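Colleague: sequence plus the predicted model coming up.
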Amino acid sequence: MPAEKKLDQLITTSSRLLPFIDALPDAVVIVDSNHKIALVNSPAGEMFGHPVDILKGSDLSIIIPKLHLDAHRQRVSGYFQNPTPRPMGANKKFCGVHADGTEIPVDIMINTIVLDGVQVAMALVRDVSYQRELEERLIRESVTDEMTGFFNRKHFNNQLKAQHSGFIRSGLHSSVILFDFDHFKSINDQYGHAAGDIVLIDTAKMIKEELRPLDVACRIGGEEFAVILPGTPILNATRLAERIRQKIEAMEFQLEDTAFHTTVTMSVASFLSSDQSYDSLVRRADKALYSGKAAGRNRVASQDSLAQPS
C-alpha cells in the first residue's frame, strides 16, 4: 500500500482516539515510522500554534527546530527500531518550535501503540518553559554575585581550571587580571557602606562595557575582582588592565550630594608551560598585586615586569 494511502488510513483509524486524548492536559502527538503525524490533540495545536488539521498528515519537522532536525529524525528512526518506553523527566532536554519560530522547552513521554496492525509512537509533550527558566535562574544565582552581577569565586575557580586545561591541550594563552580598590575601608568609614556599594556597582557596569562576550568577570571577595581573558596574551591583558585602571581613576562616584573618587591596584598574569594547575597563575597574580601595592598603589603590575614607583 502506498505510504500516502497508508497514512490516510492511519489518520482515520487513530481519530477514534481523539475524544480520549483531547481530554488530556498535555499535548499528544502520534507519529508513524515515516516521521508523519497521524494525530494530535487540541493542546498540541495550542502549544505549537498550528491548527490541528494542519498538523495531521504533516511531517514531524513542522514542530521541530531546524537545528535539531537531523538528530531528531535519527532518534525517531532509532526508536522504531528499538521501541523502549521513555518516561517524563528522563534528564534529556528537548525543544519544539511554535509556528512563529519560538522554541519551546519540552519534556516528552513516549510509548508505542498498535493501530490496525501498524506500530506508531505516541508522545505526551509537556511545556516545561517555567521549570527550565527556574533551573537556569537557580544555576545562575549559585554562581553570580548579586550586587555586581559578576560571577563569584566558585565560578572563577571553575573557569580558570577549564582555561588551564585548554592551555595544556592547545597552548592557547589565557590571562587573568586581579584588582582591588585602594584604601576601600576609608570610603566606607568616611561616606558609609552605601558609598562602597556604589563604587562596586558602578565599576562593574563600566568593566562590562570593556569586555568581550567570552571574558569572565568575577567578584572574588569584598572589594576584590578578577577578569579571565581567554585566548589573550599578557601584553594585551596588560593594556586592557591599564585602560580600566585609568577609567576607574577618572570616575566620579556620587552618593546623594557627595562626590568622591577612588583608585585600584591591578595585576596581570598569564599561563606558563611550567604551570601544573591554575593555582600557579593565581599565586603569580597575587604576588604581582601585592608588589603593585607596595610600589605605591594605583598601578598595573605584571608577572613579567612589576610596575615601578613613579
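Modeller: Alright, I've got the coordinates.
Colleague: okay, CA-based contacts and neighbour counts for the rest of this
Modeller: OK.
Colleague: quick one, domains of this structure?
Modeller: Taking automatic domain parsing as the domain assignment, the ranges for the chain are 3-133, 143-302.
Colleague: those helices in this structure, which residues are they?
Modeller: For the chain, applying DSSP state H gives helices covering 3-14, 18-21, 42-48, 52-55, 69-81, 129-142, 153-170, 184-191, 193-210, 234-250, 278-294.
Colleague: what's in contact with the third one?
Modeller: The contact list for helix 42-48, computed with Cα atoms under 8 Å, 6 or more residues apart in numbering, reads 22, 25-29, 51-52, 55, 63, 96-99, 125, 127.
Colleague: low-confidence bits of the chain, can you list those?
Modeller: Residues of the chain that meet the criterion pLDDT under 70 lie in 1-14, 90-92, 305-310.
Colleague: hey, which strand is longest across it?
Modeller: strand 103-115 (DSSP state E).
Colleague: now that strand, how far from the centre of its chain.
Modeller: Averaging C-alpha coordinates over strand 103-115 and over its chain gives two centres that are 26 Å apart (Cα atoms, centre = their mean, to the nearest Å).
Colleague: would you turn the domains of the chain into a markdown table with mean neighbour count?
Modeller: Supplementary listing: those in a markdown table, determined by neighbours: other Cα atoms under 10 Å:
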| stretch | mean neighbour count |
| --- | --- |
| domain 3-133 | 17 |
| domain 143-302 | 18 |
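Colleague: Leu124 touches Ala27, doesn't it?
Modeller: Yes - under the criterion of Cα atoms under 8 Å, Leu124 makes contact with Ala27 at 5.7 Å.
Colleague: show only the entries of the contacts of helix 42-48 found in strands.
Modeller: If you go by DSSP E, the contacts of helix 42-48 have Ala27, Val28, Val29, Gly96, Val97, Val125, Asp127 in strands.
Colleague: just put those residues in JSON lines and tack on distance to Gln276.
Modeller: Shown next, in JSON lines, are the ones in strands among the contacts of helix 42-48 (distance: Cα to Cα, whole Å):
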{"residue": "Ala27", "distance to Gln276": "53"}
{"residue": "Val28", "distance to Gln276": "54"}
{"residue": "Val29", "distance to Gln276": "53"}
{"residue": "Gly96", "distance to Gln276": "44"}
{"residue": "Val97", "distance to Gln276": "46"}
{"residue": "Val125", "distance to Gln276": "48"}
{"residue": "Asp127", "distance to Gln276": "46"}
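Colleague: quick one: which two of these are the most distant?
Modeller: Across the ones in strands among the contacts of helix 42-48, no pair lies farther apart than Val28 and Val97, at 14.9 Å, counting by Cα to Cα.
Colleague: measure stretch 25-39 end to end?
Modeller: End-to-end span of stretch 25-39 (Cα to Cα, to the nearest Å): 16 Å.
Colleague: check stretch 25-35 too.
Modeller: Per Cα to Cα, stretch 25-35 runs 24 Å from first to last residue.
Colleague: what do you get for stretch 94-101?
Modeller: One end of stretch 94-101 sits 15 Å from the other (Cα to Cα).
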